[in-house]
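Structure of the sequence below:
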Amino acid sequence: MADLADEAASLDGYFSDAPLEPEPKYPPLNENFDRCVIITNLPKVPEAKYEKLGKVVLKLVSRIGPLANYEGSDFSGFFMPFDKEAGATVGCAFIEYETAGDAKKAIEVLEEYKFDKNHALHVLPHERASHLADVEEEEFKQPEPEPFKERPNTMSWLEDSCQRDQFAIRHGKETAVFWNDGREEPVLDYDGAREKEAGVAWCEYYVQWSPKGSYFATLVPNRGVILWGGDNFQKLQRFAAPGVDFVVFSPQENYMMTNNNNRNDPHAIKVFSIQTGKCLRAFPLYPNNFLDEKLSEQEKSNIPPPPFQWSHDDKYLARMGKDLISVFDVPTMKLLDKRSLACDGICEFQFSPKANIIAYWAPEHKNQPANVNVIELPSRKSLRQKNLFNVTKCSLVWQENGEYLGVKVTRHTKSKKTLYNNLELFRVNEPGIPVEMLDVKDAVMAFSWEPQGSRFAIMSEPEKKKGKKKSTGKELIAEVNKVETLEGKQCNCIFWSPAGRTIILAALGDSASGTLEFYDCDNKSLVIKEHYRANQVLWDPSGRTLATTVSQPIGGGHFKFAMDNGYIIWSFQGKQISQQSFETFYQFQWRPREKLFNKKETAEVSKNLKKYEKQFNAFDEAKKRKLRLEETRGKRKNRSAFRATLARLKEIRSNMKQERMALLNGYDSEDESNFTTKEITIETILSSKEELVY
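A predicted model of the protein is given here:
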């Protein structure tokens with residue numbers, strides 16, 4: 001006790017006389033769970049595999065971003081419940097990230113993620129999970145299915161009895177679709193009359209047909225993209241894409257991509273499913289790390305965004321990034337095999353139009369020479385690689401059937417003062433993909449394959465004869481053979497007919513003459529026409545007709561050549577069919593149609609064309625007769641009226657015969673016996689000629 005008294009005396013005055021009312025400063029309670037997500041549909045494993053599964057899930061979710069970590073607490077942002085009674089996990093996990101942005105990203109990235117062959121993950125925000133927990137359990141009632149509503153037949157236009165093609169034009173505030181038969185003036189099909197009457201905008205920007213012609217997309221930037229189809233172009237669906245600038249359809253018409261070209265919008269590019277209308281995924285205009293941070297804003301604005309490309313069967317969507325190609329599996333929109341395709345220094349890539357094959361080229365990079373690679377998907381197997389040296393630039397051009405790949409290579413000498421060209425021709429369908437090199441002494445201005453054929457055309461410009469261009473046709477058989485050379489052509493573009501055989505050599509642009517040369521590669525015949533200031537040549541899908549246009553961009557300000565705006569439709573032989581002029585003309589686009597015959601079937605039909613000649617001639621005669629009857633309808637009506645009047649007058653005269661004879665004392669002027677017939681011959685000398693005979 002004495003010790004306690006001494007200790008109390010020593011502490012006298014140490015404690016305050018103020019009442020003890022502590023007020024601890026706790027951190028504010030965060031009742032917002034926007035950083036938390038719940039992953040469901042995980043495998044249910046026993047306790048022996050609990051730790052292994054936890055490590056795999058933790059590694060997966062940590063790739064998205066760092067998890068929350070609290071000092072003095074064992075919770076590390078990851079919790080996977082275990083049911084002791086069942087002796088297994090419950091198939092879910094609770095995740096907390098440091099930021100709400102990472103949690104939102106986890107929902108986008110991990111939703112429908114293939115964890116293994118039997119489990120695709122589902123990710124819910126905590127708020128949604130809390131809402132589901134409050135739902136009262138009751139007996140499930142099957143919802144009433146919505147009544148079936150038949151969709152319009154989007155292929156009905158192909159049932160046209162005259163086998164006509166269609167095209168759409170944009171001029172002023174008007175959008176119109178016309179029929180074209182290749183002989184007469186185009187006939188209006190639909191011009192948005194129904195929407196005009198309802199006071200609704202049918203189109204305010206550009207239009208776009210789908211690859212098979214099933215859908216017609218009109219762009220209304222304030223509302224998005226509207227799809228039309230069927231008879232009278234009924235409205236099918238609207239896709240929300242504010243500020244949309246252009247759209248791209250997938251080759252099989254299952255998906256549609258929109259782009260607003262806004263560099264600051266993280267969702268500038270959207271991919272939609274056409275059937276459901278759901279947005280599958282959104283992308284920024286540029287991939288991550290694509291633009292060099294050292295560049296100025298002006299320099300960055302001059303770099304175009306890398307385009308997306310679809311595979312021919314809609315299975316893949318690919319985009320070029322920095323030293324890589326990102327290939328996405330559709331419709332999950334996840335990276336193929338969870339990783340991009342490494343392509344050091346890649347500058348350009350192209351999908352084969354008929355197979356899941358990617359071709360790309362890359363310039364000299366580090367210690368590697370420039371090269372062209374052909375890659376197969378999804379195996380990522382390299383089918384062919386060709387190394388190139390002293391390369392300045394390459395251009396990849398696939399043949400329509402994917403049988404050949406042409407690479408136009410621009411090379412330089414060691415001093416880099418002189419440029420020259422050569423063509424690398426890949427035979428893709430042959431074993432080992434052999435490559436042939438074709439040297440071209442002159443500068444190659446254009447390169448184009450004949451559709452469904454082995455011929456190709458190049459346009460070159462001799463260095464010594466500036467302004468004179470040479471068009472050369474070549475054919476791939478066992479080797480490259482020259483077919484024809486056309487010297488001294490004032491043209492800058494080549495356009496093959498979709499049916500092959502015919503090629504257009506055109507001089508397009510404001511400074512060009514607008515010359516159009518229709519060349520038949522089989523008959524070697526040439527027809528020259530002109531469309532002054534033409535800036536486009538557009539073949540119809542059948543190759544029967546083509547259109548040349550003088551157009552201006554929408555919203556591009558004053559267009560100095562407005563008086564030339566419009567289009568001309570020509571036959572494939574160079575005969576002008578129709579011409580229209582407009583004060584403001586923005587767009588001309590043919591409606592595509594799917595090719596039903598392959599190359600062999602087309603050749604068989606051409607070989608036996610005489611079998612169908614009578615049928616076609618009878619149809620043409622019936623059409624001509626119908627047009628002739630329509631043109632002469634007024635004349636035939638007047639002729640019938642004249643004949644009816646004449647018959648009526650004859651009847652009146654016949655009824656007055658007795659009165660007429662009484663007035664003439666019984667004389668009948670219509671009785672031939674009251675007349676005497678005499679024959680008189682009169683000879684008249686028309687000319688005479690005298691000749692002296694010795």
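
shouldn't residue 391 be in contact with residue 416?
No. Because the distance of 11.4 Å does not satisfy C-beta atoms under 8 Å, residue 391 is recorded as not touching residue 416. From N, CA and C alone the C-beta is placed, and that goes for glycine too.

Looking at those two, which has the bigger crowd around it?
Neighbour totals were compared for residue 391 and residue 416, and residue 391 leads with 19 against 9 (other C-beta atoms under 10 Å).

mind listing the helices in the stretch 1-150 of the chain by residue range?
2-10, 50-62, 100-110, 126-133 (DSSP state H, counting those that start in this stretch).

Can you show me the CA trace of the third one as CSV?
This means helix 100-110. Taking only C-alpha atoms (Å, rounded to 0.1, in the frame of the first residue of the first chain), the coordinates of helix 100-110 have been written out as CSV:
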residue,chain,number,x,y,z
ALA,A,100,-14.7,2.5,-59.7
GLY,A,101,-13.3,2.7,-63.2
ASP,A,102,-11.5,-0.6,-62.8
ALA,A,103,-14.7,-2.2,-61.5
LYS,A,104,-16.6,-0.9,-64.6
LYS,A,105,-13.8,-2.2,-66.8
ALA,A,106,-14.0,-5.6,-65.2
ILE,A,107,-17.7,-5.9,-66.0
GLU,A,108,-17.0,-5.1,-69.7
VAL,A,109,-13.9,-7.3,-70.0
LEU,A,110,-14.9,-10.4,-67.9
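
re earlier: give me whichever of the helices of the stretch 1-150 of the chain is most buried.
With neighbours defined as mean count of other C-beta atoms under 10 Å, the helices of the stretch 1-150 of the chain peak in mean count at helix 100-110, which reaches a mean of 17.

In terms of secondary structure, what does that helix contact?
Contact partners of helix 100-110 among helices and strands, from 3 or more C-beta pairs under 8 Å, 6 or more residues apart in numbering; DSSP states H and E: strand 36-40, helix 50-62, strand 92-96, strand 122-125.

if we go to 7 Å?
Secondary-structure packing of helix 100-110 (3 or more C-beta pairs under 7 Å, 6 or more residues apart in numbering; DSSP states H and E): strand 36-40, strand 122-125.

Turn the helices of the stretch 1-150 of the chain into JSON lines, columns for distance to residue 375 and mean pLDDT.
Shown next, in JSON lines, are these (distance: least, C-beta to C-beta, whole Å; pLDDT from 0 to 100):
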{"stretch": "helix 2-10", "distance to residue 375": "85", "mean pLDDT": "64"}
{"stretch": "helix 50-62", "distance to residue 375": "28", "mean pLDDT": "91"}
{"stretch": "helix 100-110", "distance to residue 375": "25", "mean pLDDT": "88"}
{"stretch": "helix 126-133", "distance to residue 375": "41", "mean pLDDT": "82"}
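
For residue 460, find the nearest of these.
Proximity to residue 460, assessed across those by C-beta to C-beta, is greatest for helix 100-110 (49.8 Å).

Where do the helices of the stretch 501-650 of the chain begin and end?
Counting by DSSP H, counting those that start in this stretch, the helices of the stretch 501-650 of the chain are 599-607, 609-631, 633-655.

Dump those helices into a markdown table; add distance to residue 454, mean pLDDT and mean neighbour count as well.
Written out in a markdown table, the entries for the helices of the stretch 501-650 of the chain read as follows (distance: least, C-beta to C-beta, whole Å; pLDDT from 0 to 100; neighbours: other C-beta atoms under 10 Å):
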| stretch | distance to residue 454 | mean pLDDT | mean neighbour count |
| --- | --- | --- | --- |
| helix 599-607 | 10 | 78 | 11 |
| helix 609-631 | 22 | 81 | 10 |
| helix 633-655 | 52 | 91 | 10 |
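
Nearest approach to residue 593 belongs to which of those helices?
When the helices of the stretch 501-650 of the chain are compared by C-beta to C-beta, helix 599-607 sits nearest residue 593, at 14.2 Å.

got the angle between the closest one and helix 609-631?
Angular relation of helix 599-607 and helix 609-631 on a 0 to 180 degree scale: 70 degrees, by axes from the mean of the first three to the mean of the last three C-alpha atoms, to 10 degrees.

returning to that earlier point: of the helices of the stretch 1-150 of the chain, which approaches residue 342 most closely?
helix 100-110 (20.8 Å).

Not counting its own residues, what contacts the closest one?
Counting by C-beta atoms under 7 Å, 6 or more residues apart in numbering, the neighbours of helix 100-110 from elsewhere in the structure are 34-37, 39, 61, 64-65, 95, 97, 121, 123, 125.

So of those, which two are at opposite extremes in space?
The distance between the two most remote of these (C-beta to C-beta) is 19.8 Å, for 34 and 121.

And these two? Which one has more around it.
residue 121 (18 against 15).

so residue 248 makes contact with residue 269?
No. With contact taken as C-beta atoms under 7 Å, residue 248 and residue 269 are classed as non-touching, separated by 9.6 Å.

Between the two, which contacts overlap?
When contacts are counted by C-beta under 7 Å, 6+ apart, residue 248 and residue 269 have residue 257 as shared neighbours.

okay, these two: which has more neighbours?
For residue 248 versus residue 269, neighbours defined as other C-beta under 10 Å are more numerous around residue 269 (24 against 18).

burial measure for the residue nearest to that one when sequence neighbours are not counted, as a count.
With sequence-adjacent residues excluded and distances taken as C-beta to C-beta, 6 or more residues apart in numbering, residue 269 is closest to residue 283, at 4.3 Å. Using other C-beta under 10 Å, the number of residues around residue 283 comes to 21.

What does the pLDDT read for residue 283?
The predicted structure scores residue 283 at 93 on the pLDDT scale.

All good on my end, thank you.
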